[in-house]
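Asker: pasting the sequence and the predicted coordinates here, then a few questions.
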Protein chains: 2
Amino acid sequence: MANLDQSKWFTEISDRDGSAFSLRINKKLDEKQSPFQKVEMFETTDFGNLMIIDGCTMVTTRENFFYHEMISHPALLAHPNPKNVVIIGGGDCGTLREVLKHPGVETVTQIDIDEVVTQMSLKYFPELCESNNDPRANVMFDDGIKYMREAAGESIDVVIVDGTDPVGPGEGLFNHAFYTSCLNALRPGGILVQQSESPLMHMPLLVEMREAMLSVGFNDLQTLPFPQPIYPSGLWSVTLARKSETFNGFREDGAAQIAEQSEYYNSGIHHGALATPNYMKRAFDKK
Amino acid sequence: MANLDQSKWFTEISDRDGSAFSLRINKKLDEKQSPFQKVEMFETTDFGNLMIIDGCTMVTTRENFFYHEMISHPALLAHPNPKNVVIIGGGDCGTLREVLKHPGVETVTQIDIDEVVTQMSLKYFPELCESNNDPRANVMFDDGIKYMREAAGESIDVVIVDGTDPVGPGEGLFNHAFYTSCLNALRPGGILVQQSESPLMHMPLLVEMREAMLSVGFNDLQTLPFPQPIYPSGLWSVTLARKSETFNGFREDGAAQIAEQSEYYNSGIHHGALATPNYMKRAFDKK
């Protein structure tokens, strides 16, 4: 069997999945220990730059577009007219860039707890940060859980939870208290969207998230799968939850506009992601 | 960085992609050197059984449904009435099983060069072989390239090329001579479908395949992406090519019937896979 020379490869072992994924590296570019986590940057041979947080692959130049487009566009296009958007996490600023492609959006507030992530992204993923100075953007470094708890009632149209896995600083983003804060801060018809792990490997966690969202009062959920080459199983998901109204399609005209500026997203892919396969349906219906 | 104890993990390094994928194993189940290749079987901790051919991950119990459904159903449903189907390769018999779910199919001939693959599958993936004794099935062990060269003209409705990468025994499945044989053997309106590697990592190869198919006289191509958790990038594709007619949707009623028996495939997913994202369109248009 193959041996990976660990001076030439970065390997993330996913114990919970019994799998590991490795990228070949040219060199280490940077490393910073923030008050919250360790952030490392590598230059890979084939994926561009690679950001690692606490030993987990987060972002590469080559494939981050799948994730950033799919956590942004389906939720914004499922809302009839989103004006005020909040991003919790999202420190690499790739989600912010996608949200700002929507012409109707008036404000986007991004709250990541860790400024070091954004500093690293500004340096090594400048393309993801190209909209940071848009006058509609407000990039804050603070506790997103506290921010949502204190947000004015019915003041937000879309909340995007672009956090890490439910361990470490991201843990508080996957519970009833946080979802209740989001529900209160959303206007009627508002949408919460959250990265929801692998719909192949992490179905129990995904089912639990969905139940927590429903139990605090969100309606009708949608879990959309999409490719995520550097995360376990290569398949990831976002889950959308709406306040007080049921989902009823999405804005096709808006989707066509966004598709012109996208790498992955288009209307057909949105419809396809909504066509939940049987193996997922069965997992959702089991409990 | 993490070190993988190679007594507990199987690692496939993909040199061409600068990535590696590892599965944690409980034990080695079997190993056979055939005249063509080395076939190994492992029991993994999280993916069920795992077949390795010449050091490359081929099939696991847990996730093979994505591949087997997507190499079968879109092509069969894009044909108005497929009766005679040929599978080149496909020795694990998972594609054969999917094809036999189509009630209109009268004969399926599977030609894999290596009987050892099927022997291993019968033992370790019995669920994939459950239709091998269907009276419509003819499981042969022979040279698929020769079979197609000698096939009667206009005798086949769908040819499914379920082979390995274009190296080793699979190499001859990716060239003009082979595609010409397929074209001649297909009836008018017949379809060739072939696994076409990663639409993220292997676009140059995919573009070359598509050009070869067009240059021998196939029409209008469709490349459909789908999840493939154990192959490089976690994203794979099939490419469909039609003889003498252009593609015009697929049989929605047939798709609904198949979706009832599927894990992944349904009509919405088929439509979604046809919604080629911009990054793929650009690569197809470049040359």
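Answerer: Nice, thanks for sending it over.

Asker: which residue is nearest the middle of chain A?
Answerer: residue A:162 (3.5 Å; CA atoms, centre = their mean).

Asker: name the nearest residue to residue A:234, ignoring sequence neighbours.
Answerer: Spatial nearest neighbour of residue A:234, excluding adjacent residues (CB to CB, 6 or more residues apart in numbering or on different chains): residue B:234 at 1.4 Å. C-betas here are computed from N, CA, C, even on glycine.

Asker: for chain A, which strand is longest?
Answerer: When chain A is parsed with DSSP state E, its longest strand is strand A:19-33.

Asker: if we can go back for a sec, could you pull up phi and psi at the residue nearest to the residue nearest to the centre of chain A when sequence neighbours are not counted?
Answerer: Nearest non-adjacent residue to residue A:162, counting by CB to CB, 6+ apart: residue A:90, 3.8 Å away. Phi and psi for residue A:90, reported as degrees, to the nearest 10, are phi 70, psi 20.

Asker: count of neighbours near residue A:90?
Answerer: By the measure other CB atoms under 10 Å in any protein chain shown, the count of residues near residue A:90 is 31.

Asker: thought it was touching residue A:110?
Answerer: Yes. Using CB atoms under 8 Å, residue A:90 makes contact with residue A:110 at a distance of 5.4 Å.

Asker: counting neighbours, what do you get for the residue nearest to residue A:234?
Answerer: With other CB under 10 Å as criterion, residue B:234 counts 28.

Asker: so what's it up against?
Answerer: By CB atoms under 8 Å, 6 or more residues apart in numbering or on different chains, the residues touching residue B:234 are A:227-229, A:233-235, B:227-228.

Asker: what is the most widely separated pair among those?
Answerer: Maximum pairwise distance among the contacts of residue B:234 (CB to CB): 12.8 Å, between A:228 and B:228.

Asker: list the beta-bridge partners for the residue nearest to the centre of chain A.
Answerer: For residue A:162, the beta-bridge partners under DSSP bridges are residue A:89.

Asker: surely residue A:7 is in a helix?
Answerer: No. Residue A:7 is assigned coil when assessed by DSSP: H, G, I helix; E, B strand; the rest coil, not a helix.

Asker: how much space between the residue nearest to residue A:162 and residue A:111?
Answerer: 8 Å (CB to CB, to the nearest Å).

Asker: what sits in contact with each of those two?
Answerer: Counting by CB under 8 Å, 6+ apart, nothing touches both residue A:90 and residue A:111.

Asker: could you pull up the residues touching residue A:184?
Answerer: A:151, A:153-154 are the contacts of residue A:184 under CB under 8 Å, 6+ apart.

Asker: let me know the closest of those residues to chain B.
Answerer: residue A:154 (33.5 Å; CB to the nearest CB).

Asker: my guess is the closest one meets residue A:187, correct?
Answerer: Yes. Using CB under 8 Å, residue A:154 is in contact with residue A:187, at 4.7 Å.

Asker: list the residues that contact the residue nearest to residue A:162.
Answerer: Neighbouring residues of residue A:90 by CB under 8 Å, 6+ apart: A:96, A:110, A:112, A:160, A:162.

Asker: distance-wise, check it relative to chain B.
Answerer: Distance check for residue A:90 against chain B: by CB to the nearest CB, to the nearest Å, it reads 22 Å.
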